[in-house]
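K.L.:
I'd like to go over a predicted model; first the sequence, then the structure.
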Amino acid sequence: MLRTASAVDVVIVGAGPAGLAAARHLTGAGVSVAVLEASPEIGGRSVTDRLDGFRLDHCGRPLAVSAAELRRTPGLGELTPRPFAPGLSVHNGQRVQRISAPRSTRGALSAARALVRADRRTERRTDRQAGRQTGRLPDRRAERDADRRIVRRLDRRTGRAAPSYATPP
């Protein structure tokens, strides 16, 4: 039921995990709340989007709480947290590819260089597909410039010479 802010005790901005948990705790204590969310769905950064057969999680960090903390939260006691390995798994519906986190600065530098040197045709194809999903083509120039600045900064810190980058068409 939609209510105005004056008809509730507390207004919570954001229907992500923290906002929903706060609303649950407050309503459990007898406080009336209104939860406001700008997105069409609830969940905040815990929402998983689907794009071209891939699942994309926006969460910066996985849920990392102790089992004791979960048991104290009403309705969540039956959940069992699982450990997360560093890196990520890429699923495309047919196979899974595991990509590990870099183990050193040198590994991070290599990964950054690989990202900057990515095949431009693949990037353009991805842009076209994203444009079909969103109705507009994204401008990747600023993103590429930021990638180049990061690699140059890493090169300076490690004493390696920054490669020259040709501007893609």
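P.N.:
Received, thanks. Numbering: from 1, shown residues only.

K.L.:
going forward, measure contacts between C-alpha atoms and count neighbours the same way
P.N.:
Noted.

K.L.:
Can you pull out the low-pLDDT segments for the protein?
P.N.:
Counting by pLDDT under 70, the low-confidence segments of the chain come to 1-6, 54-55, 57-93, 97-147, 150-151, 153-169.

K.L.:
try 50
P.N.:
Scanning the chain for pLDDT under 50 picks out 134-135, 137, 162-169.

K.L.:
Now D49. Nearest residue, chain neighbours left out?
P.N.:
Nearest in space to D49, with sequence neighbours left out and distances taken as CA to CA, 6 or more residues apart in numbering, is L56 at 5.1 Å.

K.L.:
ditto for V11
P.N.:
A34 (4.8 Å).

K.L.:
give me phi/psi at that neighbour?
P.N.:
Geometry field for A34 lists phi and psi as phi -130, psi 130, criterion degrees, to the nearest 10.

K.L.:
Can you give me the neighbour number for it?
P.N.:
A34: 19 surrounding residues under other CA atoms under 10 Å.

K.L.:
Is it correct that it is in contact with V8?
P.N.:
Yes: using CA atoms under 8 Å, A34 is in contact with V8, at 6.5 Å.

K.L.:
Just the buried residues of the helix or strand where A21 lies, please?
P.N.:
Secondary structure assignment for A21, by DSSP states H and E: helix 17-28. For helix 17-28, burial by neighbour count (16 or more other CA atoms under 10 Å) applies to P17, G19, L20, A22, A23, R24.

K.L.:
quick one on the thing from earlier: the residue nearest to D49 and V47, how far apart?
P.N.:
According to CA to CA, to the nearest Å, L56 and V47 sit 9 Å apart.

K.L.:
Endpoint to endpoint, stretch 30-43 covers what distance?
P.N.:
Terminal residues of stretch 30-43 are spaced 23 Å apart (CA to CA).

K.L.:
nope, stretch 24-41 is what I was after
P.N.:
End-to-end distance of stretch 24-41 (CA to CA): 18 Å.

K.L.:
who has more neighbours, L56 and V47?
P.N.:
V47 (16 against 13).

K.L.:
I'd say the residue nearest to D49 and R50 touch.
P.N.:
Yes: with contacts counted by CA under 8 Å, L56 reaches R50, the gap being 6.1 Å.

K.L.:
quick revisit: make TSV out of the buried residues of helix 17-28 and add distance to G43.
P.N.:
Rendered in TSV, the data for the buried residues of helix 17-28 read as follows (distance: CA to CA, whole Å):
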residue	distance to G43
P17	6
G19	9
L20	8
A22	13
A23	13
R24	14
